[in-house]
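> Quick one, structure for this:
(one chain, ligands or ions: 1)
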Amino acid sequence: MTGSPQLVVHRDKELMAQAAAARLLTKIVDAQAARGSASVVLTGGRNGNGLLAALAASPARDAIDWSRLDLWWGDERFLPEGDPDRNVTQAREALLDAVPLDPARVHAMPASDGAYGNDADAAAEAYAAELAAAARPENHAQVPSFDVLLLGVGPDTHVASLFPEHPGVRETERMVIGVHGAPKPPPTRISLTLPAIRAAREVWLLAAGEDKAKAAAIALSGTGELQAPAAGAYGRSRTLWLLDSAAASQLPRALYPPSLA
Ligand SMILES: O=C(O)[C@H](O)[C@@H](O)[C@H](O)[C@H](O)COP(=O)(O)O
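Modelled structure (predicted):
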């Protein structure tokens, strides 16, 4: 990563969702202008879905060429297709069903009643192959250079389905893993790993609410990624923490507000 994470603190979570949606819209429009298409990795959770709903309601939303946008997921709850707890189901409701996406560019993670049955490891391997096929050969990478990768931060500092001290956070080779025995239900999940997350140009972490204050303070105060997976989530050119004032309330003064010096 170049430089430390940047922090932006909004008054409350509604304003945070609106501002993050405006920021994402501009980022996608700019990426499409520069490279013809854009790629975004979506996150589950209330804040990620709040951002998508704000984007759906934006009067500027059709500045995006939806047919030239690739969508991927950072993690998925390994449940049957259409289950209301699947991240993709929630994203469809919040935004995706309302915009003219190219279905071939909506890369949902497999469901537990799909081609791989209830084998989360096989499903993870298949998603890794889909990512590898979309990576540009000249980048010699196993995943595309995502323009923006969104991550909701859990109250325990988890991101995607990488939980503190859990085996997934130690993965250094594979880009996608099956997660078993997750401390947050459901226990079986699919997740990008930290190396896959770090292939993104920009990583944006979303944290709103008092229950995120401790997690933000821990992850931003030099704690290692094994104890605080959010600390290991950074982008190649930018890492941005988008917070509301409640989630920022326990940050050390040295971190926020920024020094005027
Ligand atoms: O798979 C999950 O269980 C969620 O996607 C989870 O990882 C979520 O992103 C964070 O817990 C933040 O959630 P909130 O945005 O709802 O606080």
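> Give me every residue in the stretch 151-261 of the chain lying close to the ligand.
152-154, 158, 161, 184 (C-beta under 6 Å from any ligand atom). All C-beta spots, glycine's among them, are computed from the backbone N, C-alpha and C.
> check contacts around the residue in the stretch 101-250 of the chain positioned nearest to the ligand.
In the stretch 101-250 of the chain, no residue comes nearer to the ligand than G152, which is 2.7 Å away by C-beta to the nearest ligand atom. G152 makes contacts with 43-48, 159, 205-207, as judged by C-beta atoms under 8 Å, 6 or more residues apart in numbering.
> swap in A60?
Applying C-beta under 8 Å, 6+ apart, we find A60 in contact with 22, 25.
> Tell me the spacing between it and S37.
When distance is defined by C-beta to C-beta, to the nearest Å, A60 is 19 Å away from S37.
> Count the neighbours of the closest residue to G178 other than its chain neighbours for me.
Ranked by C-beta to C-beta, 6 or more residues apart in numbering and with sequence neighbours excluded, the top spatial neighbour of G178 is A120, at 3.4 Å. Residues lying near A120 (other C-beta atoms under 10 Å) number 23.
> tell me which parts of the stretch 1-150 of the chain are close to the ligand?
The stretch 1-150 of the chain has residues 43-48, 75, 77, 87 near the ligand, with proximity defined as C-beta under 6 Å from any ligand atom.
> do that again at 8 Å, thanks
Taking C-beta under 8 Å from any ligand atom as the criterion, the neighbours of the ligand within the stretch 1-150 of the chain are 43-50, 74-77, 87.
> Tell me which of those fall in helices.
Secondary structure assignment by DSSP state H places 46-50, 87 of those in helices.
> Could you export those as CSV, including distance to P252 and pLDDT?
Written out in CSV, the entries for these read as follows (distance: C-beta to C-beta, whole Å; pLDDT from 0 to 100):
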residue, distance to P252, pLDDT
R46, 26, 97
N47, 22, 97
G48, 26, 98
N49, 30, 98
G50, 27, 98
N87, 32, 98
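> Can you select the buried ones from those in ChimeraX?
The ChimeraX command for the buried members of those (criterion: 16 or more other C-beta atoms under 10 Å) is given here:
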select :47,48,49,50,87
